[in-house]
Every structure is written in structure tokens, then in C-alpha cells.
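[1] Make a model of this:
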Amino acid sequence: MTPQDIALLRLANQQITVHASATPRQVVSELGGVQAQDYRSALWAIGLRLSGATQPDVEEALANASIVRTWAMRGTLHFVSSEDVRWMIALLAPRVIAGSAYRRRQLEIDDSTLSRSHDVLVGVLSNGRHVARDDAMRLLEGAGVQTGGQRGIHILRQLSLEGLLCQSTAKGGQATFRLLDEWVPKSKTLSRDEALSELAHRYFSGHGPATLPDFRWWAGLTVADAQAGLEEAKARLAREKVADTEYWLSPTMPAPPPPGPAVCLLPGYDEYVLGYADRGIALDAVEFRRVVHNGNGVFRPTIVVDGRVVGTWQPGTKTRATAAADLFFELDGVVSDALGMAVRAYDGFATGSAASA
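    The predicted structure follows:
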């Protein structure tokens, strides 16, 4: 495989150029999870992987609890399937909780604070109710729990990692919290070995070709756990060796994408850019600094042509994309035309005017 082969296979296996799923739940399930720090961007991350989907289609999946938003891989916000959320939290949360203990001590969030917060939120959210983030903060303050200086969001994150809370459709630009056990139907449980194997299989099938270090970074696992997961999943994966590097992927090759240049308008934090420890297939160090300006951790929306990042773009208003883009170099006419089609696809998604899949 060449770097170009790897890039094109990743686009197809991530369902960007080949739409193999019919629903938002299928998309997030087959990828393992979809990065979701930025709610609006994450809706498009799912939408661009479906044929003719609109933003209301994706939000309906949140509204009916087929997908949920919670702190999952690496302790960052992801959309995950409701069928997977419990075993993923059971597998991944303990390491995240242990790793954030020092920060909780800095913020003076002790067991008593968490217990009081737990009781307040259970009382408010029981019987199917939900609460917006700012309202949750006010309720906690009213119960004597201080939420300033990032205490509030760390409390909500901790209670989500413990499996008490999850997030559904955002309202007015704010996350809304629900009780996980009331909102999401009971789902399968996996042993630790089964969970490691399943997570490895989902990652390499949905992100491959990828390496073991890519998987370890994406999942936030120890080296030993990542190796164990891959070892258990190997029988369901294919292996390709390029020079001295082992790549793993689904043994079933994706259908060929449509002819012509693959021009994609990706949201910020998209799995195609963010989902690997080594991002050299998609962009070099200079281009990376333009996508993550000054290394501030904010991944800008990107324009990708045949697997390479060629520029950034900005959605603009809440309902329209903008043709304005920061291109790294001039595009030829065919690619420019394809970029125009990609912008129109985003417009259709955001305005609800695309034909539903």
C-alpha cells in the first residue's frame, strides 16, 4: 500500500466517500464513536457519512436515544451508540477517572461534593426529565455546591464517567443532561477482554488502515490493553505491512467510491484528521499548524482532496456554509467544482433541504 492507498481506504472505511450506513446509530457504532466536543460540528460529522441526511435526522437519533453524547474515548466527548455506551464507559472510564484525580483535588471536588451533586441531579432528572447545562449549574449552586472555576463541568463529567449522566439533543446551544439508566434502554454487558476485543475491531474496521499506536491513542488505553485488544480482534481483521509498519483494517474491502476527485468538507475535530496518533497521511507538520492554529488544540474544519488536507473552511451562520476558505494552494477547475458540490451538500444538511436517506 502507498500513502495514497491508505488515505483513500480510510476515507471509504470511515464512510466519507462510501456511505455504507443507513442511520446515525449505524455510523457511530461502526466507527466505534464519533468525536463530539463541538456539538454542531459533530452533527455534520455523522451527516456527511450518510446519503441525503439532514441535521434534524441526526438530532432525531439523539432525541430517540439511539445515540448519546458522553465522555468516552480519552475522556473526551463522543457520540456513541446507546447499545455500546455502558460497556465503553465500564472499560474506558476508570483510567480517565484515575488520570483526572489531581485536577479534582485542585478544584476541591471531593467524595462529599460528588455525593451531594449526585443526589441533587437524581432528584431533578428522575422520571424522564432533562436539564440544560446552565440550569444544572444553578441547581447545584442552590444546593451549596460551588460550580465556578470549571468545578461545575468537572462534576458533570465525573458523574457521566461514573455512568449516572449522559447527554441528548442540545437546546439553545447548550448540552442537556439526562439520567443514563432512565434514558438509554438496558444493553449488553461485556467482559473486559470482550470489550477490548470489540473496541479494537470497531476501530480498525472503521478507521483502518491504522496501526496499534493509532488505536492506543484513539482509545486512551495502556499499551498492554491496546495490544490485548488487537490480539483478540486479529481473527476478524486483515493485516498489511508497509516497510516496517503494520496496518490493520477490515478484511472486507469497501465498495469503490464514485469516480472523480474525492473532495470532502469535514467538520472540526473530524475522525479522519483526529482519529490517529500519526496524522501524516492526511497532512504534514506545516499544514497541521494551520489546522490547529498555534497548537491551541482547536481543530478547524478542513477541506480534504483525495485524502490530503488542502485547506480549512468556516461554516459561518447556523444554517449556511460559506464558500470562503483558507486554501493551502490553488485548486484546479475540476476540484473547485467538486468543492462547490461539497459546500452545497453541507448547506442541504444544515438547512434541512437534503433528501432524507
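
[2] Using PDB, write out every CA atom in stretch 224-244.
    Presented in PDB, the C-alpha positions along stretch 224-244 are these (Å, rounded to 0.1, in the frame of the first residue of the first chain):
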ATOM      1  CA  ALA A 224      -0.800  -3.600  27.200                       C
ATOM      2  CA  ASP A 225      -4.500  -3.200  26.900                       C
ATOM      3  CA  ALA A 226      -4.300  -2.000  23.300                       C
ATOM      4  CA  GLN A 227      -2.100  -5.000  22.400                       C
ATOM      5  CA  ALA A 228      -4.500  -7.300  24.200                       C
ATOM      6  CA  GLY A 229      -7.500  -5.900  22.300                       C
ATOM      7  CA  LEU A 230      -5.800  -6.200  18.900                       C
ATOM      8  CA  GLU A 231      -4.600  -9.700  19.700                       C
ATOM      9  CA  GLU A 232      -8.200 -10.800  20.500                       C
ATOM     10  CA  ALA A 233      -9.600  -9.000  17.400                       C
ATOM     11  CA  LYS A 234      -6.900 -10.200  14.900                       C
ATOM     12  CA  ALA A 235      -9.000 -13.100  13.600                       C
ATOM     13  CA  ARG A 236     -11.600 -10.600  12.400                       C
ATOM     14  CA  LEU A 237      -9.100  -8.200  10.700                       C
ATOM     15  CA  ALA A 238      -6.700  -8.100   7.800                       C
ATOM     16  CA  ARG A 239      -3.000  -7.100   8.100                       C
ATOM     17  CA  GLU A 240      -0.900  -5.100   5.700                       C
ATOM     18  CA  LYS A 241       2.700  -4.400   6.200                       C
ATOM     19  CA  VAL A 242       4.200  -1.300   4.600                       C
ATOM     20  CA  ALA A 243       8.000  -1.000   5.100                       C
ATOM     21  CA  ASP A 244       8.400  -1.700   8.800                       C
END
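
[3] tell me the mean pLDDT over that stretch?
    Stretch 224-244 shows a mean pLDDT of 97.

[4] Also stretch 168-185?
    Averaged over stretch 168-185, pLDDT sits at 94.

[5] Stretch 18-26 too?
    Per-residue scores along stretch 18-26 average to 96.

[6] Next, the buried residues of it.
    Of all the residues in stretch 18-26, those buried under the rule 16 or more other Cβ atoms under 10 Å are 18-19, 21, 23-26. To be clear about C-beta, it is placed using only N, CA and C from the backbone, and glycine gets the same treatment.

[7] try stretch 217-230
    Result for stretch 217-230 [16+ other Cβ under 10 Å]: buried residues 217-221, 225-230.

[8] Then stretch 5-18?
    Applying 16+ other Cβ under 10 Å to stretch 5-18 flags 6-18 as buried.

[9] same question, stretch 152-163
    By 16+ other Cβ under 10 Å, the buried positions in stretch 152-163 come out as 152, 154-161, 163.

[10] and the residues you listed, which of them are in helices?
    Of those, the ones assigned to helices by DSSP state H are 152, 154-161.

[11] May I ask which two of the buried residues of stretch 5-18 are separated the most?
    Spatially, the most separated pair among the buried residues of stretch 5-18 is 6 and 15, at 16.3 Å (Cβ to Cβ).

[12] follow-up on the earlier one: closest one to residue 325 out of the buried residues of stretch 152-163, please.
    Checking the buried residues of stretch 152-163 one by one against residue 325 (Cβ to Cβ), the nearest turns out to be residue 157, at 34.0 Å.

[13] Just the C-alphas of the longest helix seen in the chain, formatted as PDB.
    Across the chain, the longest stretch assigned as helix under DSSP H is helix 333-351. Extracted C-alpha coordinates of helix 333-351, given in PDB (Å, rounded to 0.1, in the frame of the first residue of the first chain):
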ATOM      1  CA  GLY A 333     -11.200  23.600 -12.100                       C
ATOM      2  CA  VAL A 334     -12.400  20.100 -11.600                       C
ATOM      3  CA  VAL A 335     -11.500  20.100  -7.900                       C
ATOM      4  CA  SER A 336     -13.000  23.600  -7.500                       C
ATOM      5  CA  ASP A 337     -16.300  22.300  -9.000                       C
ATOM      6  CA  ALA A 338     -16.300  19.300  -6.700                       C
ATOM      7  CA  LEU A 339     -15.700  21.700  -3.700                       C
ATOM      8  CA  GLY A 340     -18.700  23.700  -4.700                       C
ATOM      9  CA  MET A 341     -20.800  20.500  -4.600                       C
ATOM     10  CA  ALA A 342     -19.400  19.700  -1.200                       C
ATOM     11  CA  VAL A 343     -20.400  23.100   0.100                       C
ATOM     12  CA  ARG A 344     -23.900  22.600  -1.300                       C
ATOM     13  CA  ALA A 345     -24.100  19.200   0.400                       C
ATOM     14  CA  TYR A 346     -23.300  20.900   3.700                       C
ATOM     15  CA  ASP A 347     -25.900  23.600   3.000                       C
ATOM     16  CA  GLY A 348     -28.500  20.900   2.400                       C
ATOM     17  CA  PHE A 349     -27.700  19.200   5.600                       C
ATOM     18  CA  ALA A 350     -27.700  22.300   7.700                       C
ATOM     19  CA  THR A 351     -30.900  23.800   6.300                       C
END
